[in-house]
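Asker: I need the structure of the sequence given here:
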Amino acid sequence: MSDREIDLLLVERVREGDKQAFGLLVDKYRRKLLRLLSRMVRDPDEIEDIAQETFIKAYRALPQFRGDAAFYTWLYRIGVNTAKNYLATRGRAMPTVSDQAMNDDDEPDERLVAKDIGTPESELLSKQMVMAVNEAVEALPEELREAITLREIEGMSYEEIAETMACPIGTVRSRIFRAREAIAAKLRPILGTPEDRRW
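Answerer: The predicted model follows:
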């Protein structure tokens, strides 16, 4: 039995009144949801509150869950929307990929920028690259920013992104390509890369 089939079985049990089945779904996805939310919200107490609200909303919305998407994809959408609403009511915006490129020590995330080998030159280059990525990502339209975040930060497949964003896989590929091109254009002057090459 696949993960998706197990989730659908648990959802069906919840619909039949088995509250423990929902507890199993919460246990299964709680850490993953907290990790997702920690990329949008800094305060651990706020993250816990948003996660709890997400699971409450998911529980109430289970009758509408049709199983077209994987359970986590559906939960992910609820979590992102809950976080957006939470931040909007407090006058704050969601961070971009570039905000996530810096960890708690204000050092660049190695998944998004060149690996730091410890020399002053490489540290300066890394910081310049983070700033360039930041500028490029902030300038992206929301759908490109979301697509590149799901791919590069969440590590989702193109199929999962298509499900999450409710669009065809070709659209996902196009959005990620356009986002990468915009980022590459910002990085070319720093890296000294010719116009006909991306990196």
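Asker: in contact with Leu37, which residues?
Answerer: Leu37 makes contacts with Ile47, Ile50, Ala51, Thr54, Gly79, Ala83, as judged by CB atoms under 8 Å, 6 or more residues apart in numbering. C-beta coordinates here come from the backbone N, C-alpha and C atoms, glycine included.
Asker: number of residues surrounding the third one?
Answerer: Counted with other CB atoms under 10 Å, the neighbours of Ala51 add up to 23.
Asker: was I right to think it contacts Ala83?
Answerer: No - checked against CB atoms under 8 Å, the pair Ala51 and Ala83 is beyond contact range at 9.4 Å.
Asker: picking that back up, which ones among the contacts of Leu37 are found in helices?
Answerer: Mapping the contacts of Leu37 onto helices (DSSP state H) picks out Ile47, Ile50, Ala51, Thr54, Gly79, Ala83.
Asker: domain map for this structure?
Answerer: Domains of the chain are assigned by automatic domain parsing as 3-89, 97-191.
Asker: thought Met156 was touching Thr164?
Answerer: Yes - if you go by CB under 8 Å, Met156 and Thr164 touch, sitting 6.9 Å apart.
Asker: before we move on, which element is Asp27 in?
Answerer: helix 19-38 (DSSP states H and E).
Asker: what comes up buried for that helix?
Answerer: For helix 19-38, a neighbour-count test (16 or more other CB atoms under 10 Å) marks Ala21, Phe22, Leu25, Val26, Lys28, Tyr29, Leu33, Leu34, Leu36, Leu37 as buried.
Asker: test my guess that the first one contacts Val14.
Answerer: This means Ala21. Yes - the criterion here is CB under 8 Å, and Ala21 meets it with Val14 at 4.8 Å.
Asker: residues near Ala185, how many?
Answerer: By other CB under 10 Å, 14 other residues sit near Ala185.
Asker: do the one 5 residues further on as well
Answerer: Other residues near Ile190 number 13, with proximity taken as other CB under 10 Å.
Asker: could you check the pLDDT of it?
Answerer: Ile190 carries a pLDDT score of 72 in this model.
Asker: that one and Lys127 touch, don't they?
Answerer: No - the pair Ile190 / Lys127 is not scored as a contact, 10.3 Å apart, by CB under 8 Å.
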